[in-house]
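Novice: Here's my sequence, what's the structure:
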Amino acid sequence: MVQTDPQVDSSLRSRSTHRDPAPAAGETDNTRAYAALKQAVLSGAFRPGEVVTLRAVANRLAIGDTPVREAIKRLVSEGAFEALPNRSARVPLLDRREIRQILHLRMQLESQAAALAAQNITLHQIEQLRAFHAAMAAAVAANDGEAYGKFNMAFHFEIYRIADNKTLATLIEALWLRMAPFVSRTRALIAGDVDQARRLACDNHETILAAMVTRDAEAARAAMLEDLSALSRIDGYWEEIEDKPLT
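Specialist: A predicted model of the protein is given here:
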């Protein structure tokens, strides 16, 4: 497992927009289970078509069956899972049209958030993004996809938090819940090629960081667009993805 700066781990616990606030004393297990399971989905811990059982999730989160059942039901309503019989759920299998639609919306919304963040960002926030970026680079070098997914999510959602537009952040999160498993599956296609993985995982983030340093909103917008579209150009991106006809 990649060793990371304590500042990075602290920020993952307390500052990322995608997460609910840290549980307060007396807060319910339902809220903790939902926050933990949602974070796992957003960071790419699940793959398209994967069946998620109540008992497996409860064991993974070290939380009782009832809170986990409620968390799964809530995430089913948000499109992250599809309900199955016997108290289980499945990560949706997206077809090509759905993937294109979600990616198009992500590019519009997340590039706008990047532009807003470039206008708002402080020196302290730039250093926080640098810390996440360094952790991602270490994860790529170690071929640690789980750690990379966690820090990639933290990097992006820190930008969306800095954009300071709650409605925009909520819409982005909803799209990530749908798309994150597919993105995780796509990252696996380049896991064996460290140089390609570094180019795709790090180079665009460095360009985003450079735009943040100069407070260049349009450069940040363009860099985010490139970051989101780059994976769709790798070999194998569309393999085994159904192309449903229009009805």
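Novice: Give the buried residues for stretch 198-208.
Specialist: Using 16 or more other C-beta atoms under 10 Å as the test for burial, stretch 198-208 gives Leu200, Ala201, Cys202, Asn204, His205, Thr207, Ile208. Placement of C-beta: from N, CA and C, glycine included.
Novice: Restrict whichever strand or helix holds the last one to CA atoms and write it as CSV.
Specialist: Element membership for Ile208, per DSSP states H and E: helix 204-213. What follows is the C-alpha trace of helix 204-213 in CSV, where atoms were taken according to Å, rounded to 0.1, in the frame of the first residue of the first chain:
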residue,chain,number,x,y,z
ASN,A,204,-3.4,16.4,-17.1
HIS,A,205,-3.6,16.9,-13.4
GLU,A,206,-0.2,18.8,-13.6
THR,A,207,-1.8,21.0,-16.3
ILE,A,208,-4.8,21.6,-14.1
LEU,A,209,-2.5,22.5,-11.2
ALA,A,210,-0.6,25.0,-13.5
ALA,A,211,-3.8,26.7,-14.4
MET,A,212,-4.8,26.9,-10.7
VAL,A,213,-1.4,28.5,-9.9
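Novice: Let me see the residues that make contact with it.
Specialist: Contacts to helix 204-213, defined as C-beta atoms under 8 Å, 6 or more residues apart in numbering, come from residues 114, 117-118, 121, 126, 129-130, 133, 136, 155, 159, 217, 219-220, 222-224, 226-227, 230.
Novice: Now list the buried members of the residues you listed.
Specialist: If we count by 16+ other C-beta under 10 Å, the contacts of helix 204-213 have these buried: 114, 117-118, 121, 129-130, 133, 136, 155, 159, 217, 219-220, 222-224, 227.
Novice: returning to that earlier point: please narrow the contacts of helix 204-213 to those residing in helices.
Specialist: If you go by DSSP state H, the contacts of helix 204-213 have 114, 117-118, 126, 129-130, 133, 136, 155, 159, 217, 219-220, 222-224, 226-227, 230 in helices.
Novice: For stretch 154-173, list every residue counted as buried.
Specialist: Buried residues in stretch 154-173, defined by neighbour count with 16+ other C-beta under 10 Å: 154-163, 165, 168-169, 171-173.
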